[in-house]
Each structure stands twice: as structure tokens, then as C-alpha cells.
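[1] I would like to see how this sequence folds:
(one chain, ligands or ions: 2)
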Amino acid sequence: MILPKRLIVGLISLCLMIRCTGGNERCGASIRGACPPAWSQWGDKCYKQLSKDLPWAEAKQECINMGSVLVMPQSQEETDFLQKNLVPYFRINCNDLQVEGTWVCQDGATDVEYRNWRVETGEPNNDGRGEDCAAADETGWNDVPCENHVPTICKRPAPQLHF
Ligand SMILES: [Ca+2]
Ligand SMILES: [Ca+2]
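    Ligands and ions are numbered 1, 2, ... in the order given. Coordinates of the predicted model:
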């Protein structure tokens, strides 16, 4: 028997209602929705490149102003998506500003263990007068001066739909 689409949707809604009126904790069920316009979606995350290349501190603040955080990829897969779909070279939220040589990489408030330094050129090399902020391109990560104007990607979770 082929059920009309509307009936199936109706049945699903009814099941959810029953589950929710049961008063148990599952009532808070939610699903991830689509990203806002102009944001690119990868899994349950949304990304957007800033229209201007900014120094580290300004880039970080600009992302916060947009309700997001400066991107810190947690894997090569995430990096590949960003390089193919947004920009091949971008700043990542990774710095050794506190203690020279001790890199702190954070995705929002989460410490990220993933590293992809470009070993061929000895990065991170703290070159010249010092380099404390990291940026990624196809060959890996490089530390660069924090005041450099570097393309910036902001990241936020896809909106949650409650029902
Ligand atoms: Ca450094
Ligand atoms: Ca460097």
C-alpha cells in the first residue's frame, strides 16, 4: 500500500507529539536545520568568509560580532571542505601568544589536538621578529605575524530546530 506523503508526515508528527506529551526528557528533541543564507554548510556546522582580511585580534572579534567563532578545523576533512568551498588560505584559531612555542588551538571553548604544520619549511619557525598566529593552506600550517591581514573564516553550529 502506498501512503500519501501528507499522511506519513502527519503520522510522524503525531508520534512526536505523543512522545512529547509523555513528559519525559525526550521532549527536548531537536534537529539541526540549514545554515543561514550566505553561510556554507558542512555537517552540522556553518561557515562564512569575512569580506575583509584582518589581523588576528580583529578577525576573532568580528566572528564574535557575527554570533560565531574564528574557525579552528578539527580534521583534514574539515580543512579540505573549507579550502575547496571558501578560500584556500585562511587564519586558524591557533596561537602561541601566551608561551612562545606552546600552541593553543581552540574551536570555540574546545581545545583541538589536531595539528598539520608544514614540516618541509620547519613550521612553526617563529620567523623574523616573531610569529605567533597560525594560518592554513594546501601545504599545511604556517605561523605568521598576528598583525598580518589574512583571509578569515567564521564558524557556528547550524541552527537547532525545536519541536
Ligand atoms: Ca611564536
Ligand atoms: Ca612561519
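[2] How confident was the prediction at residue 160?
    With respect to pLDDT, residue 160 scores 83.
[3] That one bridge partners, please.
    residue 32 (DSSP bridges).
[4] Ligand 2 versus that one, what's the distance?
    39 Å (Cβ to the ion, to the nearest Å). Bear in mind the C-beta positions are built from the backbone N, C-alpha and C, glycine included.
[5] okay but that residue is in contact with residue 34, surely?
    No: shown here, residue 160 and residue 34 do not form a contact pair, counting by Cβ atoms under 8 Å, at 11.5 Å.
[6] So stretch 147-161, near ligand 1 or not?
    No: using Cβ under 5 Å from the ion, no contact is recorded between stretch 147-161 and ligand 1, whose separation bottoms out at 13.0 Å.
[7] all strands of the protein, in order?
    30-32, 40-42, 45-49, 69-70, 90-95, 104-107, 110-111, 133-137, 140-144, 153-157, 160-162 (DSSP state E).
[8] Buried deepest among those, which one?
    Comparing those by mean neighbour count (mean count of other Cβ atoms under 10 Å), strand 90-95 ranks first with a mean of 24.
[9] From the contact counts, what lies against that one?
    When contacts are defined as 3 or more Cβ pairs under 8 Å, 6 or more residues apart in numbering; DSSP states H and E, strand 90-95 sits against helix 56-65, strand 69-70, strand 104-107, strand 133-137.
[10] Mind checking these for the one nearest to ligand 1?
    strand 133-137 (8.3 Å; Cβ to the ion).
[11] For that closest one, list the C-alpha coordinates in CSV.
    Extracted in CSV, the C-alpha atoms of strand 133-137 (Å, rounded to 0.1, in the frame of the first residue of the first chain):
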residue,chain,number,x,y,z
CYS,A,133,49.4,33.2,14.9
ALA,A,134,48.7,30.2,12.5
ALA,A,135,47.3,30.1,9.1
ALA,A,136,46.5,27.1,6.8
ASP,A,137,46.9,26.5,3.1
